[in-house]
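Chemist: Build me a model:
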Amino acid sequence: MMERIGVLLMAYGGPSSLEDVPGYLSDVRRGRTTPRAIIEEISGNYRNIGGSSPLTALTHRQADALSAELNRGMKHGRYAVHVGMRHWSPWIEETVGLMLDTGISRAVSLVLAPHYSALSVAAYQARIAAGLAAFRGRMELAHVDSYHDAPALVETLAERVLDGIACWPEPERGQVHVVFSAHSLPQRIVAAGDPYDTQVRETARLVAEKGGLAPGQWSWSYQSAGRTAEPWLGPTLPDHLRSLAAQGILKVVSVPVGFVCDHVEILHDIDVEAQGVARSLGMRLVRPRALNDDPRFIDGLALLVRARASAAGWPA
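Modeler: All right, here's what the predicted structure looks like:
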């Protein structure tokens, strides 16, 4: 039997209950004490979306779908797909140990974040290295660093754009404005030459073109900035909505191109916080469904995995 190729599918992670929020924040903050006000704020955000993060369950659904696609038509599965979380269980380091225990010696790593940054994707890859060191294991790795311009990603997001615009009657659709967004990062990454800002904006441009949007029919914002004193990339989504309203734009579709799965940054930061701002402005804000385990998106991930394994010289 041909040696199996591992696939390590990684996401940020999120608390399983409100009681887990302090521990989750401690992991995110690398053990630094979390002020009580922040714990209460974040707990409130999760309370607003049902009391826990859906991210882990959805990531496992994505992994199951990816495994089915990668191994379709094979008598013996060629690819073994595993899930690892950066800041919650199952932690990436623990998953690496499990992969070693099952005999995986070659693996493709794929972060469920399409855009590369030293503060995001590189940090996931560092967790893999930490897992190998902790378990004293060796594994040949082929990283998917980014897929911001992957056709399946662009096409599926463009479909979401059209779904959002279709929420208005035909005569009004030309008045609808699309706001693309991604998770903000500290401004210092731009000065450091990090490709994140360029890549997220490129995704937005490609999706706008694929969706047939005119240049003035879409714009860009950042969302979900961290709670630190340093400046973060902007404009923020709430501030951008206020700017659009001041221009008389009151029909808006929000398409977060930096997120491929429902979690707190979508379900609270857009569906609760941004929606609240929109209502206060007399604006109608529509947020199409997230990609999650959409078959077209999953097919695209499978193409990425196969291409990366092939580039590494591993027999398919």
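Chemist: Over to the spatially most central residue of the chain. Which of the three states is it?
Modeler: For the chain, Phe259 is the residue whose C-alpha lies nearest the centre (CA atoms, centre = their mean; 3.1 Å). Secondary structure assignment for Phe259 (DSSP: H, G, I helix; E, B strand; the rest coil): coil.
Chemist: Identify the residues contacting Leu301.
Modeler: Each residue near Leu301 by CB atoms under 8 Å, 6 or more residues apart in numbering is listed here: Gln62, Leu66, Glu69, Leu110, Ala152. Where you see a C-beta, it was placed from the backbone N, CA and C, and this is true even at glycine.
Chemist: next one: Gly73
Modeler: No contacts exist for Gly73 under CB under 8 Å, 6+ apart.
Chemist: all helices of the protein, in order?
Modeler: 21-28, 36-48, 55-70, 92-101, 121-134, 151-165, 188-191, 196-210, 237-246, 264-267, 275-280, 295-311 (DSSP state H).
Chemist: Quick check: which of those helices is nearest to Tyr12?
Modeler: The closest of the helices of the chain to Tyr12 is helix 55-70. By CB to CB, the value is 6.8 Å.
Chemist: What residues sit buried inside that closest one?
Modeler: Leu55, Thr56, Leu58, Thr59, His60, Gln62, Ala63, Ala65, Leu66, Ser67, Glu69, Leu70 (16 or more other CB atoms under 10 Å).
Chemist: what does stretch 138-154 give?
Modeler: Buried residues in stretch 138-154 (16+ other CB under 10 Å): Met139, Leu141, Ala142, His143, Val144, Ser146, Tyr147, His148, Ala150, Ala152, Leu153, Val154.
Chemist: between those residues, which is nearest Ala309?
Modeler: The nearest member of the buried residues of stretch 138-154 to Ala309, counting by CB to CB, is Ala142 at 6.3 Å.
Chemist: For the closest one, give its distance to Leu70.
Modeler: Distance, Ala142 to Leu70, using CB to CB, to the nearest Å: 14 Å.
Chemist: Also Asp101?
Modeler: 21 Å.
Chemist: Now Glu265. Nearest residue, chain neighbours left out?
Modeler: Spatial nearest neighbour of Glu265, chain neighbours left out: Ser224 (4.4 Å); criterion: CB to CB, 6 or more residues apart in numbering.
Chemist: ok, now how distant is Pro238 from Ala225?
Modeler: 11 Å.
Chemist: Ser52 too?
Modeler: From Ser52 to Ala225 the distance is 23 Å (CB to CB).
Chemist: Go through stretch 298-308 and flag the buried ones.
Modeler: Within stretch 298-308, the residues that count as buried by 16+ other CB under 10 Å are Ile298, Gly300, Leu301, Ala302, Leu303, Leu304, Val305, Arg306, Ala307, Arg308.
Chemist: As CSV, those residues with pLDDT would be great.
Modeler: Output for the buried residues of stretch 298-308, formatted as CSV (pLDDT from 0 to 100):
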residue, pLDDT
Ile298, 98
Gly300, 98
Leu301, 98
Ala302, 98
Leu303, 98
Leu304, 98
Val305, 98
Arg306, 97
Ala307, 97
Arg308, 98
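Chemist: Pop the domain breakdown of this structure in here.
Modeler: Domain ranges of the chain: 5-147+294-311, 151-286, per automatic domain parsing.
Chemist: Between the two ends of the first one, how far is it?
Modeler: The reference is to domain 5-147+294-311. End-to-end distance of domain 5-147+294-311 (CA to CA, to the nearest Å): 13 Å.
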